[in-house]
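Q: Let me see the structure of the following:
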Amino acid sequence: AGLPPDPADLAGYEFRGWNTPLFASFAGIKKFKKGFFNDRNAGGRVRGYNKDIRQQGGLSGPWLEKGPGGRAKPFGFFEVEPPEQGWYPNSVLFNYACPRNNRLDPTRVLRDYVVLVDRDNPDLLLGKAYLALGLTRPSVSWFILERTGRSTMTG
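A: Numbering: from 1, shown residues only. All right, here's what the predicted structure looks like:
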């Protein structure tokens, strides 16, 4: 019942994220960040990235980046594009089969379908992650995104 976010409204911002399944705690990916930017190397298309976050403090704790000086290195890049035919037509697709990722990067099989939860709140998004494994698409996770500030990435 959500609406597709406009990629142009995502570009230039970061969102803190929360994966809902139990396995995310054990895998150290309960908390994360996603950021968006206009990639000059791709004709200004909107692309995104992920950042590692320290996992302490639960949902009410701070989202502290892992990395030197508290700055995580972006990884797991994705294209922001219309959904594939038949898949959540009211969403946008975060397609990790992005040329910015190494061909052996395991994130390349991820596909996230993301919607605005409320048209009056562009800062809150809901996503469902899948693995693109040939013709099968097992669902991996539901996740929540909340806009937190400006993106540190430029294209």
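
Q: State the three-state secondary structure for the spatially most central residue of the chain.
A: Centroid-nearest residue in the chain: K34, 4.6 Å away (criterion: CA atoms, centre = their mean). Of the three states, K34 takes strand according to DSSP: H, G, I helix; E, B strand; the rest coil.

Q: what separates it from A129, distance-wise?
A: 11 Å (CB to CB, to the nearest Å). For glycine as for every other residue, the C-beta is placed from the backbone atoms N, C-alpha and C.

Q: coming back round to it: count the residues that sit near the nearest residue to the residue nearest to the centre of the chain once chain neighbours are set aside.
A: Spatial nearest neighbour of K34, chain neighbours left out: F15 (5.1 Å); criterion: CB to CB, 6 or more residues apart in numbering. Other residues near F15 come to 24 when the count uses other CB atoms under 10 Å.

Q: can I assume F15 is in contact with L124?
A: No: counting by CB atoms under 8 Å, F15 does not reach L124; the two are 9.1 Å apart.

Q: Residues in contact with both of these two, list them for me.
A: When contacts are counted by CB atoms under 8 Å, 6 or more residues apart in numbering, F15 and L124 are jointly contacted by 145-147.

Q: Strands - which of the residues you listed land there?
A: Those of the shared contacts of F15 and L124 mapping onto strands are 145-147, per DSSP state E.

Q: Now which of those would you call buried?
A: Neighbour counting by 16 or more other CB atoms under 10 Å classes 145, 147 among those as buried.

Q: Which of the ones in strands among the shared contacts of F15 and L124 sits closest to R54?
A: E146 (17.2 Å; CB to CB).

Q: Show the contacting residues for the closest one.
A: 15-17, 123-125.

Q: 6 Å instead?
A: 15-16, 124 (CB atoms under 6 Å, 6 or more residues apart in numbering).

Q: Check the spacing between it and G69 real quick.
A: 24 Å.

Q: I figured the residue nearest to the centre of the chain hits R16, correct?
A: No: counting by CB atoms under 6 Å, K34 stays clear of R16, with 8.4 Å between them.

Q: what's the spacing between A97 and Y88?
A: Taking CB to CB, one finds A97 at 17 Å from Y88.

Q: With R45 instead?
A: Distance check for R45 against Y88: by CB to CB, it reads 20 Å.

Q: and what of Q55?
A: Counting by CB to CB, the gap from Q55 to Y88 is 29 Å.

Q: Thanks a lot, see you next time.
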